[in-house]
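**Student:** Structure for the following, please:
(one chain, ligands or ions: 1)
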Amino acid sequence: MRVEFSKMHGLGNDFIVLDARKVSLPAIDTGVARALADRRTGIGCDQLIVLEPSETADFRMRIFNHDGGEVGACGNASRAVALLHGAAASVETSGGTIRVEPTENGASVDMGEPRFDWNAIPLEYAMDTSAMPVGWDGLDQPGAVNVGNPHVIFFVGETDTVPLDRIGPEIETDPLFPERVNVNVATIESRTHIRLRVWERGVGLTRACGTGACATAVHAMRRGLVEREVTVTLPGGDLVIAWGEDNRILMTGPATESYRGSFEWSDFA
Ligand SMILES: N[C@@H](CCC[C@H](N)C(=O)O)C(=O)O
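**Tutor:** Below is the predicted model of the structure:
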């Protein structure tokens, strides 16, 4: 079976998008996702995105990390999918229903409400998620937020000096996080500007993480460090994050389609 795909990215966080809304595809499992994501023997991506029909929203978006694991949210892919769809839409994800709207060079996404309870992150045991009494190798007192997926956030003096490639996997797989975790290191540059690097669960260092930007902004807002709308600068570029009075997070930023292609399903199954 020949399958068409679109290769897209949001600030350099890249995706293979398969559109199974009108044509049905064989079941996608961890092995297929990992094979397609492989940068040497597959097409290569940080996340594989699969669009399917939905009974509760305009369509459903499934998200598979580079390691093949299926997860609940991907901010950058939400904008890419808005561009592909070409109109405002509600999108069912396993992390909740979001609303996407294309803009001139990308999209705005209503990412839903953040969750702060320790068991919603989830954490292994109860604690205050606005200042957690834990630390790893000089990084301490993080915050934790679930924005459809789990994030831990550390405020640091200078993001580039943190050896995230070494400490990221250690924190990601710490037993404190039973579903593992995305690891964010952030510097508050001003009351309207945050600098951020992210070690993504199931991927590693990425050029940008939309949910990481949302989680970090909301955590900084919760701590009173920034205004309710901020620009978050990631290695791949900027996102604007606003946390509304209605408790919903709005993320705005670019999205790009790089190219389209097709592959033989049996080569990856
Ligand atoms: N790149 C994404 C996040 C993708 C999922 C994440 N790695 C997880 O495991 O939760 C984004 O832009 O939000």
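
**Student:** Just the element for Thr216, please.
**Tutor:** Using DSSP states H and E, Thr216 falls within helix 210-222.

**Student:** distance between that helix and the chain's centre?
**Tutor:** 11 Å (C-alpha atoms, centre = their mean, to the nearest Å).

**Student:** residues contacting the most centrally placed residue in the chain?
**Tutor:** Closest to where the C-alpha atoms of the chain average out (C-alpha atoms, centre = their mean) is Cys74, at 3.4 Å. By C-beta atoms under 8 Å, 6 or more residues apart in numbering, the contact set of Cys74 is Phe15, Gln47, Ile49, Met61, Ile63, Asn149, Gly210, Thr211. From N, CA and C alone the C-beta is placed, and that goes for glycine too.

**Student:** quick one: which of those sit in helices?
**Tutor:** Of the positions in the contacts of Cys74, Gly210, Thr211 sit in helices, assigned by DSSP state H.

**Student:** Output those of the contacts of Cys74 also counted as contacts of the ligand.
**Tutor:** Gln47, Asn149, Gly210, Thr211 (C-beta under 6 Å from any ligand atom).

**Student:** quick one: the first one from Trp243, how far?
**Tutor:** I take that to be Gln47. Separation of Gln47 from Trp243 (C-beta to C-beta, to the nearest Å): 24 Å.

**Student:** now do the last one
**Tutor:** Taking C-beta to C-beta as the measure, Thr211 and Trp243 are separated by 14 Å.

**Student:** Give me the more crowded residue out of these two.
**Tutor:** Neighbours around Thr211 and Trp243, counted as other C-beta atoms under 10 Å, are more numerous at Thr211. The numbers are 30 against 23.

**Student:** how much space between that one and Arg166?
**Tutor:** Counting by C-beta to C-beta, the gap from Thr211 to Arg166 is 23 Å.

**Student:** same check, this time on Thr173
**Tutor:** Distance from Thr173 to Arg166, by C-beta to C-beta: 13 Å.
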